[in-house]
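1. Task: produce atomic coordinates for the following.
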Amino acid sequence: MILTVSFWIQAKENFMSGMVVTSIGDTLTGMVDYQNWIQSPDSIQFYSTLNDKVVIYRPSDIKMFQVDGDTYVGAEVDIENSSRQLDWLSHESTLQLTRKSVFLRALVTGPRSLYHYKGSTTENLFYIKEGSIYTLLVYKLFYNDAKDVPTVRTLNKYIGQLLYYMSDRPEMQKYIQNVTYDIHSLTAVFNSYNKFDKATMSNQHKREKININYGLTAAATINSIHFTGADFPEFVIPKYSQGLTFTPGIFIEFVEPRNRGRWALYSELIYSTYKFEGNYDDGYDLIKSTMDFGYLKMYNLLRYRILLQNGCLFVNGGISIGGIIHEINEQERISKNNSDWNETGKALNEIYRMELGLVFGAGIKYKHITFESRYAIGGGMSPYPGLGAQTRSNSILVSYNF
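-> Numbers count the residues shown, from 1 in each chain. Got it, this is the predicted structure:
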């Protein structure tokens, strides 16, 4: 249901007040469908009044648009298509350029302006404006195969471009020599340059911060241990009931600043218990096993948020890491032929004290309250090859973020 609804939710518009400057110079005010893009949009939707039809504008159709503090310009530019992933680096320093009409996001506008482009298959690219031309700041990683030993080399042509672009300010040289090819470093250099000019900048990119949520959580959980294997029938054969436990926890969530906060990293620290009580008759002895393991678990999940008004639906998945902080591990053998004899000891002589697991869940958040249904599978505590001891849990969680 969550995944089906997501297609409808993601298709839902988010119209906000904005303006468009057409290719012939007309300025139109109205509503722009704003998706807080991580990747540069291929097109935008716009209407002037509620009675107007929605118009789709592409980069070749308009000079620029503004919405919610973001400014984008339509431009025909060179796109550098080389990968920067080590496994896919080129063995040549030659740029892989294509010409394309795109929307560039203005990071800084003023006496010296900086623009950004990110496509679905391209890395972050940056541009400067020289007259009416948007020029690519050139940066590329590639392998140098000299002496038959591949080494990663860097084409840093953008540094020379910036030295020339800002040559009227010699004091900028020390900043440019140390600039790296990323949004925050380049933005800082352009802002430093423009501060020397008395002209007021029309736009200045502010470093976007990750949104952090934190709070308390409580879980109602049915936990169980599932034993498998032929070497320990006293654990595998008995049937046992599953109990409901209630445990507290704390969480912290890091929500990405753009793309309307659809992706988040969620970490939770919570206490979990797994109990087993089983009786087994091997024909000679009655074997009573009692195990109760309490884990302090850390859940680390990647969460995809499907945005709603005042909240969101979400699905998430990830891993759990747990350590035993409470242990009952007992076994009693009672002889069927000698009522005066019995033996007590450990049910499992050795146990794993750390456990790794997989976690999946889905839920809904409304304002500060979150409800989630979650399923987790763990590797268990058995170190014996002939005994599998998988832990499983089904949980309903309620969380409150401050």
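
2. what residues are up against G388?
-> By Cβ atoms under 8 Å, 6 or more residues apart in numbering, the contact list for G388 reads H226, F227, T228, G229, G380, S382. The way it works is simple: take the backbone N, C-alpha and C, and place the C-beta from them, glycine included.

3. In ChimeraX, how would I select the buried members of these?
-> Typed into ChimeraX, the line below selects the buried ones among those, using 16 or more other Cβ atoms under 10 Å:
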select :227,380,382
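
4. Reformat the contacts of G388 as a markdown table; add secondary structure, pLDDT and distance to S167.
-> Below are those laid out as a markdown table (DSSP: H, G, I helix; E, B strand; the rest coil; pLDDT from 0 to 100; distance: Cβ to Cβ, whole Å):
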| residue | secondary structure | pLDDT | distance to S167 |
| --- | --- | --- | --- |
| H226 | strand | 89 | 71 |
| F227 | strand | 90 | 75 |
| T228 | strand | 91 | 73 |
| G229 | coil | 89 | 75 |
| G380 | coil | 90 | 66 |
| S382 | coil | 92 | 70 |
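
5. Pass me the low-pLDDT residue ranges in the stretch 1-150 of the chain, would you?
-> Within the stretch 1-150 of the chain, the set of residues satisfying pLDDT under 70 comprises 1-12, 146-148.

6. The closest residue to E13 other than its chain neighbours and E268, how far apart?
-> With Cβ to Cβ, 6 or more residues apart in numbering as the measure, D33 is the residue that lies nearest to E13, at 4.7 Å, once sequence neighbours are left out. Note on D33: its distance to E268, by Cβ to Cβ, to the nearest Å, is 34 Å.

7. What of N223?
-> Here N223 is placed at a distance of 16 Å from E268 (Cβ to Cβ).

8. gap between I237 and D340?
-> Between I237 and D340 the distance is 27 Å, computed by Cβ to Cβ.

9. go on, L265?
-> If you measure L265 against D340 using Cβ to Cβ, the figure is 60 Å.

10. and M19, bridged to which residues?
-> M19 has the following beta-bridge partners by DSSP bridges: T29, Q66.

11. ok now do it, which residues does it touch?
-> Each residue near M19 by Cβ under 8 Å, 6+ apart is listed here: T27, L28, T29, G30, V32, F65, Q66, V67.

12. how about the helices of the stretch 201-350 of the chain, start to end?
-> 233-236 (DSSP state H, counting those that start in this stretch).

13. do the same with the stretch 1-150 of the chain
-> Along the stretch 1-150 of the chain, the stretches classed as helices by DSSP H, counting those that start in this stretch are 2-11.

14. re earlier: if you rank the contacts of M19 by neighbours, which is first?
-> Counting by other Cβ atoms under 10 Å, V32 has the largest number of neighbours within the contacts of M19, with 25 neighbours.

15. Nearest residue to it in space, ignoring adjacent ones along the chain?
-> Beyond its immediate neighbours in the sequence, the residue positioned closest to V32 (Cβ to Cβ, 6+ apart) is G18, lying 3.6 Å away.

16. For the residue nearest to E13, which residues count as its bridge partners?
-> Note on D33: beta-bridge partners F15, judged by DSSP bridges.

17. ok, it to D68 distance?
-> For D33, the distance to D68 - Cβ to Cβ - is 11 Å.

18. How about F15?
-> In this view, F15 and D68 are 11 Å apart by Cβ to Cβ.

19. Touching both of these two, which residues are there?
-> By Cβ under 8 Å, 6+ apart, F15 and D68 have these common neighbours: Y34.

20. Of the two, give the one with the bigger neighbour count.
-> Applying other Cβ under 10 Å to F15 and D68 shows that F15 carries more neighbours, namely 16 against 11.

21. who's in contact with that one?
-> Taking Cβ under 8 Å, 6+ apart as the definition, contacts of F15 comprise M31, V32, D33, Y34, Q45, Y47.

22. what would those residues look like in CSV with distance to F142?
-> As requested, the contacts of F15 are exported to CSV (distance: Cβ to Cβ, whole Å):
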residue, distance to F142
M31, 45
V32, 39
D33, 39
Y34, 37
Q45, 39
Y47, 46
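
23. Most neighbours among those residues, which one is it?
-> Among those, the one with the most neighbours (other Cβ under 10 Å) is V32, at 25 neighbours.
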